[in-house]
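A.B. asks: 3D, please:
(4 chains)
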Number of protein chains: 2
Amino acid sequence: MRQAYGQFCPVALASEVLAERWTFLVVRELLAGARRFNEIRRGVPRLSATLLKQRLQRLEAEGIVERGRSSRRSAAGYELTSAGVALKPVIAAVGEWGQRWARDIEAKDLDPGWLVWAMHRRLNTAVMPPGRTVIEIEFVDAPASTRQFWLVHSGGAVDVCIKDPGYEPDVRVATPLRLWAEIWRGLRPLKAAMRSGAVRLDGRADLRRDFPGWLMLSVFAPVGRLR
Amino acid sequence: MRQAYGQFCPVALASEVLAERWTFLVVRELLAGARRFNEIRRGVPRLSATLLKQRLQRLEAEGIVERGRSSRRSAAGYELTSAGVALKPVIAAVGEWGQRWARDIEAKDLDPGWLVWAMHRRLNTAVMPPGRTVIEIEFVDAPASTRQFWLVHSGGAVDVCIKDPGYEPDVRVATPLRLWAEIWRGLRPLKAAMRSGAVRLDGRADLRRDFPGWLMLSVFAPVGRLR
DNA sequence: CGGTATCCCCCGCGATACTG
DNA sequence: CAGTATCGCGGGGGATACCG
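C.D. replies: Take a look at the predicted model:
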């Protein structure tokens, strides 16, 4: 509570909690459906366990988050309360502003693992083939350790692998990292990048054709950049 | 730029700037029409000059604020750019959430000077009498130094005085501080408080009758509290 | 998996005084 | 009025190792 601003304006009272470092990102993860501690961490990889715990405790104290019911303590996930769900328009407004007006991205923002993690939540599994589908992503200009990822869809669930899962990929995507980030953000059309050869697809012709329809892109991709 | 979160999600990019301590309050002041350095300070009294300058510089670097044109440097005010004006929905969303869901106010949040400063921007001067009107506010339970204030309206402009301006008040208001804060926030109706005698009005009968119509209350007063 | 515990550094920020 | 300069501290938080 050291963040007290000494005024009872609703913007000030809300900021005491919300405008702490990392908090918007934690709330974003919870709104996106994350429930487990480490699930949140994967969406906010640079946030340490200690600090995440602190933020979650603060959010719990403020009535924004509550622990799920479970006999075992560590099996209890984190859930948004009504007050937490009510933050959806706040995050939406912040994200829309960010998409329109925030600074351009730099090399240090381009975390391949995070990008793939974001993708795995935005695959339109309803239109994907039944059975198992494996998508391999290769960032052609990334160092070996973050060069390849696999998205494994099966029965509506999508897993992210950082090692070859052993199954033959149905579709392989090879792309420069920054270009893929720009496509993800809605700043460039995927199809043009495929036509120009900057993004290369490999796999059966029908799957290559359908692949763009599986990708829902970033939630904020439809928001036009104005900066 | 130490606030970098290492991801290019628009929520993260926006948070780097916006989720710094004090920043929302500075932006709130600018959106409310503040232009001069010390005008902003009056709306955020606990923010030091040094830190305010830092925040304004950051906002300028991010393209949210720009200096007005003027020959003399210090005559140049601060203005919101298009990117800055676009923060209006963000502040609105934060404030609405705060009004509905933020913690209850405590004694430390009840700054009488700030409350009067907020009031001075929300007087409906269009419906006030022509010529000069002086409103005296007395917080009956406040210490002597923050007990009395005067709002002086003249020709559409409203000044706040912390000393007796010398003019005879047209309306005198005597109220407990917390009660007035709750009325201001829209949590209690002014008229009921007047009827019960908790808020006492003094002055000519017609002015006493009209006085409630002069007060526009907090921007967020119409938002219903849910907590 | 879901945390704790500890150590330590750095820098954010408050306070105070001074200036064009 | 609109800052700048300086100093000093507190604690936020990064790194690392450990635990139920």
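
A.B. asks: residues near the nearest residue to residue A:178 once chain neighbours are set aside, how many?
C.D. replies: With CB to CB, 6 or more residues apart in numbering or on different chains as the criterion, residue A:178 has its nearest non-adjacent residue at 6.1 Å, and that residue is residue A:110. Backbone N, C-alpha and C define where each C-beta goes, glycine included. Other residues within reach of residue A:110, judged by other CB atoms under 10 Å in any protein chain shown, total 20.

A.B. asks: pLDDT value on residue A:72, please?
C.D. replies: Note on residue A:72: pLDDT of 65.

A.B. asks: give the contact list for the residue sitting nearest the centre point of chain A.
C.D. replies: Closest residue to the average C-alpha location of chain A: residue A:118 at 2.9 Å, with CA atoms, centre = their mean. By CB atoms under 8 Å, 6 or more residues apart in numbering or on different chains, residue A:118 lies in contact with A:43, A:184, A:218, B:9.

A.B. asks: what's the answer for residue A:41, then?
C.D. replies: A:47, A:49, A:52.

A.B. asks: just the residues you listed now: which is nearest residue A:191?
C.D. replies: Nearest to residue A:191 among those, counting by CB to CB, is residue A:47 at 35.4 Å.

A.B. asks: What sits closest to that closest one if chain neighbours are left out?
C.D. replies: Spatial nearest neighbour of residue A:47, excluding adjacent residues (CB to CB, 6+ apart): residue A:22 at 5.3 Å.

A.B. asks: so who does that neighbour touch?
C.D. replies: Contacts of residue A:22 (CB under 8 Å, 6+ apart): A:44, A:47, A:51-52, A:55, B:5.

A.B. asks: tell me the pLDDT at it?
C.D. replies: For residue A:22, pLDDT reads 96.

A.B. asks: again, but for residue A:76
C.D. replies: For residue A:76, the predicted pLDDT is 79.

A.B. asks: Quick one: low-confidence residue ranges for chain A.
C.D. replies: A:1-2, A:70-75 (pLDDT under 70).

A.B. asks: Which residue ranges of it form helices?
C.D. replies: Listed in chain order, the helices of chain A (DSSP state H) span A:10-18, A:23-31, A:37-43, A:49-61, A:82-85, A:88-101, A:112-120, A:177-184, A:190-196, A:205-214.

A.B. asks: Quick check: residue A:147 touching residue A:136?
C.D. replies: No: using CB atoms under 8 Å, residue A:147 is not in contact with residue A:136; the gap is 10.7 Å.

A.B. asks: which of those two has more neighbours?
C.D. replies: Neighbour count, other CB under 10 Å: between residue A:147 and residue A:136, residue A:136 has more, with 22 against 14.

A.B. asks: Run through the bridge partners of that one.
C.D. replies: residue A:150, residue A:172 (DSSP bridges).

A.B. asks: check contacts around it.
C.D. replies: Contact analysis of residue A:136 by CB under 8 Å, 6+ apart lists A:148-150, A:169, A:171-173.

A.B. asks: didn't residue A:36 look like it was pressed against residue A:76?
C.D. replies: No: in terms of CB under 8 Å, residue A:36 does not count as a neighbour of residue A:76; the distance is 9.7 Å.

A.B. asks: How about stretch A:182-192 and chain B, any contact?
C.D. replies: Yes: counting by CB under 8 Å from any CB of the partner chain, chain B has neighbours in stretch A:182-192: residue A:185.

A.B. asks: Find the residue closest to residue A:203 in space, skipping its chain neighbours.
C.D. replies: Spatial nearest neighbour of residue A:203, excluding adjacent residues (CB to CB, 6+ apart): residue A:171 at 4.1 Å.

A.B. asks: what's the answer for residue A:201, then?
C.D. replies: Closest to residue A:201 by CB to CB, 6+ apart is residue A:208, at 4.7 Å.

A.B. asks: That neighbour: neighbouring residues, count only.
C.D. replies: Residues lying near residue A:208 (other CB under 10 Å) number 16.

A.B. asks: ditto for residue A:192
C.D. replies: 11.

A.B. asks: Against residue A:217, how distant is residue A:159?
C.D. replies: 20 Å (CB to CB, to the nearest Å).

A.B. asks: more neighbours, the two?
C.D. replies: Taking neighbours as other CB under 10 Å, residue A:159 and residue A:217 compare with residue A:217 leading, 16 against 12.

A.B. asks: Now for that one: which residues touch it?
C.D. replies: A:122, A:183-186.

A.B. asks: Right, I'll call it a day here.
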